[in-house]
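The sequence and its predicted three-dimensional model are supplied below.
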Amino acid sequence: MTNNKKIKVGILGASGYTGSDLVRLLINHPNVDIKLLTAERKAGQTMADIFPHFIGHDLPILNKIGEIDWATVEVDVIFCALPHATSQEIIKGIFEQTSGKKQIKVIDLSADFRLRDPDTYKRWYGNDHTAIALQPRAIYGLTEYYRESVKSADLVACPGCYPTAILLALKPLLKQDLIKSEDIIIDAKSGVTGAGRSLRESNLFTEVSEAMNPYGVGHHRHMPEIEQELSVSAESAVTMSFTPHLVPMNRGELITAYVKLEENKTIEDLRKGLAVTCDKEHFMTLLKEDQMPATRMVRGSNNFVVNVYKDRIKGRAIVIAAIDNLVKGSSGQAIQNMNVMMGLDEECGLKQVALFP
Ligand SMILES: NC(=O)C1=CN([C@@H]2O[C@H](COP(=O)(O)OP(=O)(O)OC[C@H]3O[C@@H](n4cnc5c(N)ncnc54)[C@H](OP(=O)(O)O)[C@@H]3O)[C@@H](O)[C@H]2O)C=CC1
Ligand SMILES: CC(=O)N[C@@H](CCC(=O)OP(=O)(O)O)C(=O)O
C-alpha cells in the first residue's frame, strides 16, 4: 500500500484502557484516520471528557455500538477492545451485516477467538461460545509467529498480555530444542491496568497499593492459551505452572520462567537461540548479559526485553522478560497486526521510546 493512503479505523471500547491506548497510539500513526469510537456507559461523551490527556485532540464522539450501521459505515479496520463474550457477539454481527456488501478487517483484543478448541474455551471461560463458526477464520495475532497468516486474515485474535510476554520468551527456546517442554514454572506480575477500567473492589487504591497479590493460582484462564501456543513450538503437549500477581503499578508486566535445559545445552546456547529470534524482530531485544529486564525499559513502548540466566539448580535456567501490558500486551500488538494486514511497515506508528522515569 502507498505510504499516503489513510486507513479508516474504528475502535470499539475506546473508553477502556486498551481502547484509549489504541487511540493514543493511532493519533500519531501516519496511515490512519480514526473514524469511529464507541463506549457503553460513557457513550455520548468525548475522549477528552473521560481522559484529560486527550484534551486538544479532535476525535469522534463516543457512540453506542448499537447505533452503528455496519453495512454503510466507512471503516476498513475495526479494533475490538471489548470484554470477553461481548466481543464475539459484536464481531459476529459485524460480519453478518457486512457479508457480500463490504470487507471489514477485525482485530480483536479479547480472548474470544484465541483458543482453537471450543470445549477448552467453555471449560475456562464458563460460557458457550456464540460465534464458534468464526473461530477457524481467526488467526492468533502473535505477529512474530503468525505474520504470514495475519497478512491475509480478516479476523485476528490478539494474545493476552501474559501469553504475549511468556510466548515471546519461551517459543524460541522450545522451537530450537534448547529447553524441555516439561517442568516449566512461570511467575508473573502485572500492573493494575491489566484488569481493565471497570470498577472492582479488588482494584481500589487501598487494596493494591503497598501490596502484592497473587491471584488465579493454578487456574488462571491464560493457562490454556499459553499451553496451546507453547505446544505448537514444542511439537508436543506442554503443561506448565503459572502464577500471576497484581503489583502496585499502572502499566507493565514482568515474567520469570524457570525451565529445564535440554541435554547438553548451556546458557550460552539459550542466549544464542534467543539472539537468533530477537535479531530479526523489530520489537524483541535480548539484553546484554549483565542487564536485567525491567518494566521501566518498556513502559509506553511496543518493546519486549528478555534475558536468560543460569540457575543454581543443575540443568535449569531462568528466563526473565518484560512488556507493557497496554502496548505490546494489547494495543501496540494490535496495531502491529493492522500494519501487517494492510501491507504497511510493521513498525509504522510504533516507534515510541519507552517513558522513563
Ligand atoms: N487491560 C489489559 O492489559 C489487556 C486487556 N485485554 C483485553 O482487551 C479487552 C478490553 O480490555 P480493557 O481495555 O482492559 O477493558 P476496560 O474495562 O478498560 O474497557 C472495556 C470497554 O468496553 C466497553 N464495554 C463494556 N461492556 C460493553 C458492552 N456490553 N457493550 C459495548 N461496550 C462495552 C466499555 O465501555 P464503558 O466503559 O463506556 O462502559 C469500555 O470502553 C478485554 O477483552 C481484555 O481482556 C487484552 C490484553 C491486555
Ligand atoms: C492484572 C489483570 O487482572 N490482568 C488480567 C489479564 C489481562 C489480559 O491479558 O487480558 P485478557 O483479559 O485479554 O486475556 C487478568 O489476569 O485477567
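Sure, I can see it. Ligands and ions are numbered 1, 2, ... in the order given.

can you list the residues of the protein near ligand 2?
Counting by C-beta under 6 Å from any ligand atom, the chain comes close to ligand 2 at 110-111, 160-162, 190, 194-195, 222, 244, 246. C-beta: built from backbone N, CA, C; applies to glycine.

Turn those into CSV, columns for distance to Leu326.
Output for these, formatted as CSV (distance: C-beta to C-beta, whole Å):
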residue, distance to Leu326
Ser110, 15
Ala111, 16
Gly160, 12
Cys161, 8
Tyr162, 13
Ser190, 11
Gly194, 8
Ala195, 12
His222, 16
Pro244, 16
Leu246, 15
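
Give me the PyMOL select line for these, limited to the buried ones.
Applying 16 or more other C-beta atoms under 10 Å to these leaves a buried subset, and the PyMOL line that selects it is:
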select buried, resi 110+111+160+161+162+190+194+195+222+244+246
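
out of the residues of the chain next to ligand 2, which touch ligand 1?
Okay, of the residues of the chain next to ligand 2 touching ligand 1 (C-beta under 6 Å from any ligand atom), that's 110-111, 160-161, 194.

got JSON lines for these, with secondary structure and pLDDT too?
JSON lines is the format used below for these (DSSP: H, G, I helix; E, B strand; the rest coil; pLDDT from 0 to 100):
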{"residue": "Ser110", "secondary structure": "coil", "pLDDT": "98"}
{"residue": "Ala111", "secondary structure": "coil", "pLDDT": "98"}
{"residue": "Gly160", "secondary structure": "coil", "pLDDT": "98"}
{"residue": "Cys161", "secondary structure": "helix", "pLDDT": "98"}
{"residue": "Gly194", "secondary structure": "helix", "pLDDT": "97"}
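
Just give me the closest of the residues you listed to Ile267.
When those are compared for distance to Ile267 (C-beta to C-beta), Cys161 comes out closest, at 27.1 Å.

Go ahead and confirm that closest one touches Asn325.
Yes - with contact defined as C-beta atoms under 8 Å, Cys161 reaches Asn325; the gap is 3.9 Å.

So for the two, which residues contact both of them?
Common neighbours of Cys161 and Asn325, using C-beta atoms under 8 Å, 6 or more residues apart in numbering, are 190, 194, 253.

From ligand 1, how far out is the last one?
What that stands for is Glu253. Taking C-beta to the nearest ligand atom, to the nearest Å as the measure, Glu253 falls 8 Å from ligand 1.

give me the number of residues near the nearest residue to Glu347 once chain neighbours are set aside?
Of all residues not flanking Glu347 in the chain, His282 sits nearest, at 5.0 Å (C-beta to C-beta, 6 or more residues apart in numbering). When counting by other C-beta atoms under 10 Å, one arrives at 15 neighbours for His282.

okay, stretch 299-316 in CSV with CA atoms only?
The C-alpha atoms that make up stretch 299-316 are tabulated as CSV, following Å, rounded to 0.1, in the frame of the first residue of the first chain:
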residue,chain,number,x,y,z
ARG,A,299,6.8,1.4,29.6
GLY,A,300,4.6,3.0,26.9
SER,A,301,6.5,1.2,24.1
ASN,A,302,5.8,-1.8,21.9
ASN,A,303,9.1,-3.4,23.0
PHE,A,304,9.8,-6.8,24.6
VAL,A,305,13.0,-7.3,26.5
VAL,A,306,14.4,-10.7,27.6
ASN,A,307,17.4,-12.2,29.3
VAL,A,308,18.4,-15.7,30.4
TYR,A,309,20.4,-16.7,33.5
LYS,A,310,22.0,-19.8,35.0
ASP,A,311,20.0,-21.4,37.8
ARG,A,312,21.8,-22.7,40.9
ILE,A,313,19.8,-26.0,40.4
LYS,A,314,21.8,-28.0,37.9
GLY,A,315,20.3,-28.3,34.4
ARG,A,316,17.9,-25.4,34.9
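
Let me see the ranges of the strands in the stretch 51-200 of the chain.
Ranges of strands in the stretch 51-200 of the chain, per DSSP state E, counting those that start in this stretch, are 62-63, 77-80, 105-108, 139-140, 155-157, 184-190.

Adding mean pLDDT, write those strands out as TSV.
Listed next are the strands of the stretch 51-200 of the chain as TSV, based on pLDDT from 0 to 100:
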stretch	mean pLDDT
strand 62-63	98
strand 77-80	98
strand 105-108	98
strand 139-140	98
strand 155-157	98
strand 184-190	98
